[in-house]
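S.K.: predicted model follows, preceded by the sequence.
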Amino acid sequence: MPRHVSIQPGKLYPQPDYSLSVDREGKWTATQVFLCHRNSITQVMPRPGTPHPDISFISVDNATAQVSEGDIAQITCNYAGTDNGNNDPNKTTYTLGLSLSEEPLLSHKKLRDLDADEVEALQAIISGKDKDSAGSPYKDKVKSALGKKVLEKIQRGQTSYYSPKVTWRQATVRKASAASSDVRKIGKIDEPDGRQPTLTDGRNWLYNGVTQTQEGGSYRIEREWIASDRGGWDADIYTD
């Protein structure tokens with residue numbers, strides 16, 4: 001690149017053209033090119049958090065510099081931000097997740113009526129034990145029809161089952177980071193935001209966590225809730 005006498009050391013020259021876009025969640029992004037003297041790159045290169053020259057609510061997320069022949073260096077800044085002050089329902093996205101999770105066989109709701117001694121014996125058999133400390137076979141302690149049915153399953157290698165898992169996720173982009181109340185609610189019974197599915201048979205939601213990702217002047221906050229099995233999450237454990 002030929003020498004350009006108008007590029008002075010220590011000065012940054014924004015170019016008139018830049019690109020600008022916004023997504024459905026309200027996050028704005030822009031790319032702006034600057035010129036500077038090659039000896040001044042580290043001095044004048046915009047740092048993350050620096051506002052855009054024309055749009056105050058977006059700021060630098062990352063910047064790169066390219067130096068070629070001559071005294072001029074080109075700096076490309078990628079900006080991000082949002083004008084959303086709080087959660088905007090019109091710019092919030094929701095995701096429903098449906099999957100299966102593997103659970104211990106003896107935790108199945110149909111086996112709740114098993115006698116405690118039978119459960120203990122079946123758990124020992126699952127762990128690979130044949131006899132108790134007195135030398136008595138554990139299988140002889142399984143006497144009920146339900147217990148023997150479970151024993152048959154265990155003997156053929158079935159020690160777990162698949163349980164439906166329902167998750168509800170909310171994602172929003174805003175100026176503020178996650179609140180301390182989000183942290184306090186993790187692991188607690190909670191009611192999700194949005195038009196979440198209606199749960200039946202006493203099921204309810206557990207606040208599973210929050211993820212925060214910062215880009216320039218914006219924070220993307222993702223929250224997740226997990227639906228319980230029948231009867232709901234244990235209120236003695238999952239409430240303050």
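M.R.: In hand now; what should we look at?
S.K.: okay, domains of the chain per the record?
M.R.: Annotated domains of the chain cover 12-82, 89-101+162-238 [automatic domain parsing].
S.K.: any idea which of these has the lowest pLDDT on average?
M.R.: When those are compared on average pLDDT, domain 89-101+162-238 comes out lowest at a mean of 91.
S.K.: quick one: closest of the domains of the chain to residue 150.
M.R.: domain 89-101+162-238 (16.5 Å; CB to CB). The way it works is simple: take the backbone N, C-alpha and C, and place the C-beta from them, glycine included.
S.K.: re the thing from before, would TSV of the domains of the chain with distance to residue 151 and mean neighbour count be doable?
M.R.: Shown next, in TSV, are those (distance: least, CB to CB, whole Å; neighbours: other CB atoms under 10 Å):
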stretch	distance to residue 151	mean neighbour count
domain 12-82	53	16
domain 89-101+162-238	21	15
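S.K.: and of those domains, who's closest to residue 108?
M.R.: Of all the domains of the chain, domain 89-101+162-238 sits nearest to residue 108, with 8.1 Å by CB to CB.
S.K.: what about that closest one, start to end distance?
M.R.: 28 Å (CA to CA, to the nearest Å).
S.K.: same deal with stretch 128-147?
M.R.: Start and end residues of stretch 128-147 are separated by 17 Å (CA to CA).
S.K.: so what's the gap between that stretch and the chain middle?
M.R.: In this view, stretch 128-147 has its centroid 44 Å away from the chain centroid, taken as CA atoms, centre = their mean, to the nearest Å.
S.K.: fine by me, we can end here.
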